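A.B. asks: dropping a prediction and its sequence here:
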Amino acid sequence: MVSKIGIYAGKGTLPIKVAQTITDSGKDVFIIAIKGLTNKDIERFPHKWLRFGQIGAAMKMLRNNYCDELVIIGGAHIPNFFLLFPDFSGLKLFFSLFKVRKNGDASIIKTIINYIEVIQGIKVTGADVYLTDILMPKGTITNTLPRNNSISDIRLAEETCMKVGAKDDGQACLVANGKVIAVEDINGTDFMLYEALNHKIDNLDGGFLMKTLKPIQDPRVDLPTVGINTLKLINQIGLSGIVLQSNKAFIVDKKEMIDFANANNLFIHGV
C-alpha cells in the first residue's frame, strides 16, 4: 500500500491548510480529528473522529491507514490532548507525561514526540514543511516599517522572550519605548493581549508584540502563530506592530493581515 501522511488536528484552520497542501502535492492524508475541537471542514479529507486521550486508538488508526509520518498541528493546550481520559494503550504515555507534567509544555511535547517516534515508529514532521507560504519571512511585509528606535526595543524583546521561553512560561512579550509592558504566561498570548487592553496603558505608540520560538522547545510542534485577531488586538491596545522570527512563525490569514496592517499603519516584521 502507498504510505500516507497523518495529521493530528487541533483547532483552527491550519490543519485544513496542511491537509490541502499535502493533497495538492499528490500525496494522501489521513486525519485524526478531535471531537469538540477540530474544525468540521476537515471532513472533506479521509479522517477519524476521536475524543481527547484516545492516543492508543489514534496510533492504531494511523498504522491501519499506512501513515509513516505525522504532522501535529492546530491550537490546543498540549497536555490536554493526552492527559484527559487516556485509553488503555495510552496509559504508558500517560505515566510518562505525569512524571514531566511540572516541567512545562516543552517537556511534555518532547515526551509525546519520543513516544510517537520511538514506541510507535511514526516520524513526526513539522507543519512548516508544508506551510511555507505562511511562514514569516525576513524583513517587513507591510508598507509601514518599524521605527528607527525600534532596534534597541527589538533586542530587549528578544532577550525577554528568550528568558520567558527558557522557563517554558510563554512565547511572547509586549515592548514599547524601551520598556517591557507585559510577558506571556501559561495562559497564552491572547490572555496577555486582553489583559493589556483592559489596563488601557498609555504611550504605546511605536510599541509591538514579539513572539518567538522557545529556546527549549522542539520546533516541529507549536510554532508561534499570529492571525488577524492578534493584529486587531494590537491595534486596539495602541501598539504599532508585530515582530516575529523569520521561518519560525506562522502568519494565518496572511493577506487579510497585511491589508489590515496597511490600512491602519501597522507593521509586521521578521528578524
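C.D. replies: Good, I have the coordinates.
A.B. asks: who's in contact with Asn149?
C.D. replies: Taking CB atoms under 8 Å, 6 or more residues apart in numbering, we find Asn149 in contact with Gly206. No exception for glycine: its C-beta is placed from N, CA and C like everyone else's.
A.B. asks: oh, and call the first residue 115 from now on, that's how I've got it
C.D. replies: Taking 115 as the first residue, the last one we looked at is Asn263.
A.B. asks: so Ile186 belongs to a strand, correct?
C.D. replies: Yes. Assessed by DSSP: H, G, I helix; E, B strand; the rest coil, Ile186 belongs to a strand.
A.B. asks: what number of residues lie near the closest residue to Lys125 other than its chain neighbours?
C.D. replies: With sequence-adjacent residues excluded and distances taken as CB to CB, 6 or more residues apart in numbering, Lys125 is closest to Gly189, at 4.6 Å. Gly189 has 16 neighbours, counted by other CB atoms under 10 Å.
A.B. asks: who's in contact with Gly189?
C.D. replies: Listed by CB under 8 Å, 6+ apart, the contact set of Gly189 reads Gly124, Lys125, Gly126, Leu128, Thr339.
A.B. asks: any of these buried? List them.
C.D. replies: Gly124, Gly126, Leu128, Thr339 (16 or more other CB atoms under 10 Å).
A.B. asks: how about the strands in this structure?
C.D. replies: For the chain, strands defined by DSSP state E occupy the ranges 118-123, 143-148, 161-164, 181-187, 237-238, 253-254, 286-290, 293-297, 322-325, 339-340, 355-358, 364-365, 381-384.
A.B. asks: for the stretch 215-364 of the chain, give me the ranges with low pLDDT.
C.D. replies: For the stretch 215-364 of the chain, the stretches with pLDDT under 70 are 215-219.
A.B. asks: show me the helices in this structure, by range?
C.D. replies: 128-138, 169-178, 192-197, 205-214, 219-228, 264-280, 303-313, 342-351, 368-377 (DSSP state H).
A.B. asks: can you list these in a markdown table and add distance to Lys325?
C.D. replies: Formatted as a markdown table, those follow (distance: least, CB to CB, whole Å):
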| stretch | distance to Lys325 |
| --- | --- |
| helix 128-138 | 15 |
| helix 169-178 | 29 |
| helix 192-197 | 17 |
| helix 205-214 | 24 |
| helix 219-228 | 15 |
| helix 264-280 | 7 |
| helix 303-313 | 7 |
| helix 342-351 | 9 |
| helix 368-377 | 13 |
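A.B. asks: His161: which of the buried ones among the contacts of Gly189 is nearest?
C.D. replies: Nearest to His161 among the buried ones among the contacts of Gly189 is Gly124, at 13.6 Å by CB to CB.
A.B. asks: now for the closest residue to that closest one other than its chain neighbours: which residues touch it?
C.D. replies: Excluding its sequence neighbours, the residue lying closest to Gly124 (CB to CB, 6+ apart) is Gly188, at 2.6 Å. The contact partners of Gly188, by CB under 8 Å, 6+ apart, come to Ala123, Gly124, Lys125, Gly126, Leu128, Pro129, Leu151, Thr152.
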